[in-house]
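Asks: coords please:
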Amino acid sequence: YRFSVRELLAEFSMNSEDHGEIKKATAGLISKVMRIEDTERKRVLQISFVSSAEYFDSQGIVELSFDPKLKPYLLQLRQNFTSFQLSTIKRLGSVYAVRIYELAKQFEKIGSRSLQLDEFKRMLGIDADKYKQYGHFKQRVLKPSLKEINKHTDLRVEMREIKLGRRVDTIELCIKKSDKRPPLVQRRLHRGGRAAT
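Replies: Numbering: from 1, shown residues only. Reported below is the predicted structural model:
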């Protein structure tokens, strides 16, 4: 897939001298490992989202290639996606805020989404040995992310803790439309929880 570097720079309010930042971003995509679980077949696929990024400086174009094993997942996006404004998420400073926004946006029409705590952490890309104490996860991930989402996006998201015995087992996201009206540039994301970036 080919993209205009100039359009990418303009979308992220960067000047024409920031080509290096785009190259850093694509390098990050190449080094980022995604984990796709197939529970029915008891398989786990570890894969980078982008397999290569080639720059054609004279044409101002970057060409991104994807691993062939991603093809069935990418093809599903045509029928199973949620649209939202790219200009909204670029205002979010935390990766966790972006991911929680995506998860909330998928259930905007329903108005709530319940996520079991371990599954929620996995969907945020948090290792099992990180934030073992719920209080740390709440203070360092959930509260700051929700504050960012409520301040900078078109959603108002609050959380409700559901306990199993004395410990928090599930987080319910309560989702409402905010009065904020971001511009209309769109991004698509897979309803199953995987983003198409």
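
Asks: Give the helix, strand or coil label for Glu148.
Replies: Assigned with DSSP: H, G, I helix; E, B strand; the rest coil, Glu148 falls in the helix class.

Asks: What is the neighbour count of it?
Replies: When neighbours are defined as other Cβ atoms under 10 Å, Glu148 has 19 of them. C-betas here are computed from N, CA, C, even on glycine.

Asks: now Met123
Replies: Using other Cβ under 10 Å, Met123 is surrounded by 16 other residues.

Asks: What of the one 10 residues further on?
Replies: Other residues near Gln133 number 8, with proximity taken as other Cβ under 10 Å.

Asks: From Gln59, how far off is it?
Replies: As judged by Cβ to Cβ, to the nearest Å, Gln133 and Gln59 stand 51 Å apart.

Asks: now Val157
Replies: Distance from Val157 to Gln59, by Cβ to Cβ: 41 Å.

Asks: My guess is Ser31 contacts Val50. True?
Replies: No. Between Ser31 and Val50 there is no contact, the gap being 9.4 Å when judged by Cβ atoms under 8 Å.

Asks: Can you name the element that comes right after the helix or strand where Arg122 lies?
Replies: Here Arg122 sits within helix 117-123, counting by DSSP states H and E. Once helix 117-123 ends, the next helix or strand along the chain (criterion: DSSP H and E) is helix 134-137.

Asks: Show me what counts as buried in that following helix.
Replies: Residues Phe137 are the ones in helix 134-137 that count as buried (16 or more other Cβ atoms under 10 Å).

Asks: and it, how far out from the chain's middle?
Replies: Mean-position distance between helix 134-137 and its chain equals 21 Å (Cα atoms, centre = their mean, to the nearest Å).

Asks: again with stretch 164-179
Replies: 19 Å.

Asks: Distance check, Asp67 against Arg160.
Replies: 39 Å.

Asks: Which one of the two is surrounded by more residues?
Replies: Asp67 (14 against 11).

Asks: Run a quick neighbour tally on the residue nearest to that one when sequence neighbours are not counted.
Replies: Excluding the flanking residues, the one nearest Asp67 by Cβ to Cβ, 6 or more residues apart in numbering is Ser51, at 4.7 Å. Per other Cβ under 10 Å, the neighbour tally for Ser51 reads 15.

Asks: wait, what's in contact with Ser51?
Replies: With contact set as Cβ atoms under 8 Å, 6 or more residues apart in numbering, Ser51 has these partners: Ile30, Ser65, Phe66, Asp67.

Asks: Out of those residues, which comes closest to Gly125?
Replies: Ile30 (16.4 Å; Cβ to Cβ).

Asks: Using the three-state scheme, assign that closest one.
Replies: Under three-state DSSP, Ile30 comes out as helix.

Asks: Numbering from 43 from now on, please.
Replies: Renumbered: residue one is now 43, and that last one reads Ile72.

Asks: That one contacts Ser90, correct?
Replies: Yes. Using Cβ under 8 Å, Ile72 is in contact with Ser90, at 5.6 Å.

Asks: And the contacts of stretch 178-195?
Replies: Stretch 178-195 is contacted by residues 130-131, 133-136, 138-139, 142-143, 146, 159, 163, 166, 168, 173, 197-201, 213, 220, 222, 224 when judged by Cβ under 8 Å, 6+ apart.
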